[in-house]
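Asks: Structure, please.
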Amino acid sequence: MRILVVEDEKRSRDALANGLRESGFVVDAVGDGDTGLNAALDLEYDLIVLDVMLPNLDGWQVLEKLRSKSVGTPVLFLTARDAVADRVKGLELGADDYLVKPFAWVEFLARVRTLLRRSPVRRPEILTVGDLELDIPRMKARRDGQYLELTAKEFQLLSLLARRSGEILSRTTIAELVWDMNFTTDSNAVEVAMGRLRKKVDEPFKTRLIHTQRGLGYTLEDRGSR
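Replies: Numbers count the residues shown, from 1 in each chain. This is a model prediction of the structure:
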């Protein structure tokens, strides 16, 4: 099972992530609300561990935006604020549980396992953009009825673009979400990967779905005859 940890304090973030990994989970850990929101929108998680006090977007804002987009992944709030009003606010926004810092690791792990036993509301498992169809659970891609031979990383890149079809994604965003690395201006990893993806997704077909916005990034959309 895959868990997203959104915690701005590095020591706490590393401790939670390492502890969860040692308990057998796959973990992504980020340090601010914007990055956490993007990760939760772009990838499938079984649980989100979300700190309330975060830079950029706070935990309440992140949760509100997720629920407004019908992302039903269970959320465990972590906070140093013990006021009843704060706990009620989180639960009313759609949090599934609330844990006040400091807490014992055994209690945290027990709450994580309890939430994971529940059945989360999943996003659609089939994504379509024009004549492109992505079967997320099986990691299969078809275009115009033909299966595309994609590597796991190419499928992850394509599914990221498909989930946010019509939105321009910068090279920095792509590098962070697909390769989990910091982008540097002298790196051409994203361009190389996009070139390979285009050869499989676009070149054999009449119309292009992958578009470059010069100086901004890439987008996947069906522009028809435009």
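
Asks: can you pull the contacts of Ser23?
Replies: By Cβ atoms under 8 Å, 6 or more residues apart in numbering, the contact list for Ser23 reads Leu109. Placement of C-beta: from N, CA and C, glycine included.

Asks: how much space between it and Leu109?
Replies: For Ser23, the distance to Leu109 equals 6 Å [Cβ to Cβ, to the nearest Å].

Asks: Kindly report the same for Gly217.
Replies: Using Cβ to Cβ, Gly217 is found at 39 Å from Leu109.

Asks: for Arg21, same thing?
Replies: Between Arg21 and Leu109 the distance is 12 Å, computed by Cβ to Cβ.

Asks: cool, and Leu20?
Replies: Distance from Leu20 to Leu109, by Cβ to Cβ: 8 Å.

Asks: ok, those two, which is more surrounded?
Replies: Set side by side, Leu20 and Leu109 show more neighbours around Leu20, with 21 against 14, by other Cβ atoms under 10 Å.

Asks: Name the nearest residue to the more buried one, sequence neighbours excluded.
Replies: Once flanking residues are discounted, Leu20 sits nearest to Val27: 4.8 Å by Cβ to Cβ, 6 or more residues apart in numbering.

Asks: Quick one, grab the pLDDT at the one you found.
Replies: Predicted confidence (pLDDT) for Val27: 92.

Asks: That one contacts Ala17, doesn't it?
Replies: Yes. The criterion here is Cβ atoms under 8 Å, and Val27 meets it with Ala17 at 4.7 Å.

Asks: any residues in contact with both of these two?
Replies: Shared contacts of Val27 and Ala17, counting by Cβ under 8 Å, 6+ apart, come down to Val5.

Asks: Nearest the middle, which residue of this structure would you pick?
Replies: For the chain, the residue nearest the mean C-alpha position is Ala39 (2.6 Å; Cα atoms, centre = their mean).

Asks: how about the strands in the protein?
Replies: Per DSSP state E, the chain carries strands over the ranges 2-6, 26-30, 47-51, 75-79, 97-100, 126-129, 132-135, 140-143, 146-147, 210-213, 217-220.

Asks: Partner strands of the shortest one and their direction?
Replies: Here strand 146-147 is paired, per DSSP bridges, with strand 140-143 (antiparallel).

Asks: Of all the residues in the partner strand, which ones are buried?
Replies: 141, 143 (16 or more other Cβ atoms under 10 Å).

Asks: mind saving the C-alpha coords of that strand as CSV?
Replies: The C-alpha trace of strand 140-143 is given here as CSV (Å, rounded to 0.1, in the frame of the first residue of the first chain):
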residue,chain,number,x,y,z
LYS,A,140,-2.0,-0.6,-20.0
ALA,A,141,-2.4,2.1,-22.7
ARG,A,142,-4.2,1.9,-26.0
ARG,A,143,-4.7,4.5,-28.7
